[in-house]
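Student: using only what follows, build the 3D model:
(2 chains)
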There are 2 protein chains.
Amino acid sequence: MKEFVEFELTKEFRDRFQEALDQKDNGFIRDSLKDINPVDITSLLYEFNADESKYTLDILDLEIRAAIIKDLDSDTRKTFLKVYTPLEISNIVNLLDSDDAADILNELPIKVSEEVLSGLDPVVHTQVIDLLRYDENVAGGLMAKELIKARNHWTVVQCVEEIRKQAEQVEKFYTVFVVDEQDKLLGKVALQDLVISDANKRVADIIEDVVSVETYLSDTEVAEIMKKYDLESVPVVNVQGQLVGRITIDDIVDVITEQADEDRQLMSGITEDVEEDDTVWKNTRARLPWLLIGIFGGMLSARFMGLFEEELTRITAIAFFVPLIQATGGNVGIQSSSLVVQSLASTGYVDEGLWKRLSKVLFVALLNGFFLSVVVFGGNWLLFGNQQLSFVVSLALFSVVVFASLVGTITPLILDRFGFNPAVASGPFITTINDLLGLTMYFLTVTVLL
Amino acid sequence: MKEFVEFELTKEFRDRFQEALDQKDNGFIRDSLKDINPVDITSLLYEFNADESKYTLDILDLEIRAAIIKDLDSDTRKTFLKVYTPLEISNIVNLLDSDDAADILNELPIKVSEEVLSGLDPVVHTQVIDLLRYDENVAGGLMAKELIKARNHWTVVQCVEEIRKQAEQVEKFYTVFVVDEQDKLLGKVALQDLVISDANKRVADIIEDVVSVETYLSDTEVAEIMKKYDLESVPVVNVQGQLVGRITIDDIVDVITEQADEDRQLMSGITEDVEEDDTVWKNTRARLPWLLIGIFGGMLSARFMGLFEEELTRITAIAFFVPLIQATGGNVGIQSSSLVVQSLASTGYVDEGLWKRLSKVLFVALLNGFFLSVVVFGGNWLLFGNQQLSFVVSLALFSVVVFASLVGTITPLILDRFGFNPAVASGPFITTINDLLGLTMYFLTVTVLL
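Tutor: The predicted structure is shown next:
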């Protein structure tokens, strides 16, 4: 058995490897990568530039080269493949599963992509052309064409024979899909049932029902279904119910991870898909838009407070509580929207309707608002000794808590209804709006009561 | 073939079902659930109380009952199983995979759990006892004992014979694990290779190397490994290298989802694992602690601003820019920590060291700070016409951006080093600290320059 060496990327190894690259020490490069899993070689390549990476890959076998390029993240691969000729790319793509092949072709400039397509093996060519029609965020764009089909009337022996023929093209499979003459999906047979079944049994005797998805289903819906039914692969059917591909769980795990990353980025006010190790300029650009929104809100706040200059000059202490009011409004708003985002993500509950939802949120807000107001009233009285001001601040705080809860609950629901990612509502945009509204409520209370 | 009906939980169906429950209309209950996937019945049960749910389940077959109870979320199941006798629970647990069985036993009060254990089949009993030793957040606590083992010297035919014997206990498997006489893990054979291999070949001819995990590895590390190598199951070995269990990808998908939920809750300042449809009281309690921290910070801010009462009375306009300074500090801090959290979550990069990281963050902060200061200087000059104040505000803003970036970067690194979830750093706690520090820098600048 060939055993993969456990690989940890150390600074020492990287420096030694850089040296080997500089000296074109092919022996060292080949030997040091010999027993390393392609996935680990991929992570090593992130440390070198495109020419150095290509130099390394050209020393390795074509299969390993293909596996490594398949594993690169999309941004890196786009840059990296610029140092490859279309023919070189075709040779690599020919070895990949159709879904990975289509992903790579989607990333290439249209001219290169046409040339690469013309260099593909006929079978791969047909499969890839079929997949390129789909948007990458729907089931059709996630699926691979490689799968094993069987017919109801086959015996187990016939089925195994067929698998032997079809299996060459399919790298990994755990399930055989059963179709009729029109390729309509009828069910599935688990590989394990095939192994342990009597050789003379028919497929029809061991067929099981199967959950399938339509080509147009969104990637998050597919993820939800696979998660719910604990599936390791799911067949994809077209509108006629014909089997056209399958999606495996590893692709869905990526979808789930990317979705979580995207949500976190939206919540923390970062645009573009940026990572800490991207360039300074890209990092700056990804942060600026949301910061500018915050700045804009801050300047509106300043302008707004300017309207109350008279009150502020009369009682300077009014200003002291602006941070308290704003921070609480922001925190309450984010808590509320975050819970809504979470419940929108988990399906399967009866939708209780907007009013029931809001009335519950209102109760929670009233309770929280009451507790916090009491704490703030007591604290302020002790700290500042001004009973009247303490009362006004507490009252304003109470309304801000209630109000921010409602805004935080309704906003993600509206965003979701109109097809936006509701996680935006936990981000700086809504916080800015909540800040402004909190300030308004505070100064209105102050003007009326003081 | 038995085909599952596509199931969507409507309000109408729920009301009709409630009626059937009230009238003990067993016929309707049985018929309406006959062709529904147990997973969907689980989601239906969330709509009824424990007694009603048990009444429904008792009408169904024991296997379906077990599947439904397995799928319940942990909190609901804890409450639900209180209406069951230990013997009833034993009968259900006997039908489950060992990992699910151990999960349920872990949730039960110790006395009930002992009674349930004593009612288990001997094989299940041994397996569960072995699993109960492990914490639920490590590989040992995630694994199931059910797996298929083979030996190197077996032929494919022998192997299939053995699988037939062992398979009864193992619900789903795609891989056969190869061990030696001491049960040490040697490698794996994919089921598909077994199906298409010559009957006289030996296991040793088709064995492949396998990635395994140790029992003590944390669930997030296991998730990272399975994601990296696209595994649908991974064998678990003890310190002696002996095969003791396997983890399947569906359990890991749950780990990934829970991790993302936890991160989001930390970022939005919600303690406890709370959902929107939990009780009003639980929702209130989950939010209060972080809100109180915000309140505490707000009152400190108020106290702090009180120290500058004289300056504020002299130039009221100073107060106008407090929201601007604080919002920007908060936004920058969250952006920074969120990027660090993200890069801490993705392994495989060479750690560049703290200084390189900080110097890069510093550059980004200087650039952002510069842009924002220019915008604010121009805007303020236009809006308020006070050149000196505009300059002071811009200067303070610049330092706050730089400072909040550094705090936002360092805090999650420190939290991570000491074993806390770094996502806490994107939450209200750090925002509160950043608010206070931003305020300090602003008033220091004001006092020195105005």
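
Student: in a strand, A:Val244, correct?
Tutor: Yes - counting by DSSP: H, G, I helix; E, B strand; the rest coil, A:Val244 falls inside a strand.

Student: how about it: what's its closest non-neighbour residue?
Tutor: A:Asn238 (5.1 Å; Cβ to Cβ, 6 or more residues apart in numbering or on different chains). Where C-beta positions appear, they are placed from N, C-alpha and C, glycine not excepted.

Student: contacts only, for that neighbour.
Tutor: The contact partners of A:Asn238, by Cβ atoms under 8 Å, 6 or more residues apart in numbering or on different chains, come to A:214-215, A:244.

Student: for it, grab phi and psi.
Tutor: Here is the backbone geometry of A:Asn238 (degrees, to the nearest 10): phi -90, psi -180.

Student: how far off centre is stretch A:210-222?
Tutor: 16 Å (Cα atoms, centre = their mean, to the nearest Å).

Student: now do stretch A:107-119
Tutor: 27 Å.

Student: give the burial count for the residue nearest to A:Lys70 when sequence neighbours are not counted, as a bare number.
Tutor: Closest residue to A:Lys70 apart from its sequence neighbours, by Cβ to Cβ, 6+ apart: A:Asp100 at 4.8 Å. Residues lying near A:Asp100 (other Cβ atoms under 10 Å in any protein chain shown) number 20.

Student: what ranges does the stretch 101-250 of chain A have for its helices?
Tutor: A:110-118, A:122-132, A:139-142, A:156-167, A:191-196, A:203-206, A:219-228, A:249-267 (DSSP state H, counting those that start in this stretch).

Student: is the one helix or strand A:Ser337 maps to positioned near chain B?
Tutor: In this assignment (DSSP states H and E), A:Ser337 forms part of helix A:322-345. Yes - for helix A:322-345, a contact with chain B is found by Cβ under 8 Å from any Cβ of the partner chain, at A:322-328, A:330-332, A:334-335, A:337-343.

Student: only whichever of those are buried, select them in PyMOL.
Tutor: Burial among these is assessed by 16 or more other Cβ atoms under 10 Å in any protein chain shown; the matching PyMOL selection reads:
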select buried, chain A and resi 322+323+324+325+326+327+328+330+331+332+334+335+337+338+339+340+341+342+343
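
Student: quick revisit: including mean pLDDT and distance to A:Glu310, could the helices of the stretch 101-250 of chain A go into TSV?
Tutor: Compiled in TSV, the helices of the stretch 101-250 of chain A are given as follows (pLDDT from 0 to 100; distance: least, Cβ to Cβ, whole Å):
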stretch	mean pLDDT	distance to A:Glu310
helix A:110-118	94	64
helix A:122-132	93	66
helix A:139-142	94	61
helix A:156-167	88	83
helix A:191-196	88	80
helix A:203-206	93	85
helix A:219-228	91	53
helix A:249-267	87	39
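
Student: among the contacts of A:Asn238, who's most crowded?
Tutor: Neighbour-wise, the contacts of A:Asn238 (other Cβ under 10 Å) top out at A:Val244, 20 neighbours.

Student: and the pLDDT for that one?
Tutor: Looking at A:Val244, its pLDDT is 95.

Student: distance of it relative to B:Asn26?
Tutor: 42 Å (Cβ to Cβ, to the nearest Å).

Student: can you check A:Phe17 too?
Tutor: On the measure of Cβ to Cβ, A:Phe17 and B:Asn26 end up 70 Å apart.

Student: which one's more surrounded, the two?
Tutor: Ranked by neighbour count (other Cβ under 10 Å), A:Phe17 and B:Asn26 place A:Phe17 first, with 21 against 14.

Student: for A:Ile41, see how far away that one is.
Tutor: 11 Å.

Student: equivalent analysis for A:Asp230, please.
Tutor: For A:Asp230 relative to A:Ile41 (Cβ to Cβ), the value is 32 Å.

Student: before we move on, what about A:Val213?
Tutor: 33 Å.

Student: neighbour count winner among those two?
Tutor: A:Val213 (24 against 21).

Student: residues contacting the spatially closest residue to the more buried one that is not a sequence neighbour?
Tutor: The shortest distance from A:Val213 to any non-neighbouring residue, by Cβ to Cβ, 6+ apart, is to A:Ala139 (4.9 Å). Contacts for A:Ala139 (Cβ under 8 Å, 6+ apart) come out as A:213-219, A:222, A:236, A:247.

Student: of the residues you listed, keep whichever come out buried.
Tutor: Buried subset of the contacts of A:Ala139 (neighbour count, 16+ other Cβ under 10 Å): A:213-215, A:217, A:219, A:222, A:236, A:247.

Student: nearest to B:Phe308, of those residues?
Tutor: Nearest to B:Phe308 among the buried ones among the contacts of A:Ala139: A:Asp219, at 53.2 Å, using Cβ to Cβ.

Student: quick one: pLDDT of A:Ser336?
Tutor: Model confidence at A:Ser336 (pLDDT) stands at 87.

Student: that one: neighbour count?
Tutor: Neighbourhood size, A:Ser336 [other Cβ under 10 Å]: 31.

Student: per-residue pLDDT, the residue nearest to it when sequence neighbours are not counted?
Tutor: Leaving aside its sequence neighbours, A:Ser336 sits nearest to A:Gly408 (Cβ to Cβ, 6+ apart; 3.0 Å). At A:Gly408, the predicted lDDT confidence score is 88.

Student: flag every residue of the stretch 51-200 of chain A that's near chain B.
Tutor: So far as Cβ under 8 Å from any Cβ goes, the stretch 51-200 of chain A lies against chain B at A:160, A:163-164, A:167, A:172-174, A:186-187, A:190-192, A:194-196.

Student: now check the helix or strand where A:Glu310 lies, is it near chain B?
Tutor: Using DSSP H and E, A:Glu310 maps to helix A:309-314. Yes - for helix A:309-314, a contact with chain B is found by Cβ under 8 Å from any Cβ, at A:309, A:312-313.

Student: next SSE after that helix?
Tutor: helix A:317-320.

Student: by contact count, what packs against that next one?
Tutor: If you count contacts as 3 or more Cβ pairs under 8 Å, 6 or more residues apart in numbering or on different chains; DSSP states H and E, helix A:317-320 packs onto helix A:309-314, helix B:280-306.
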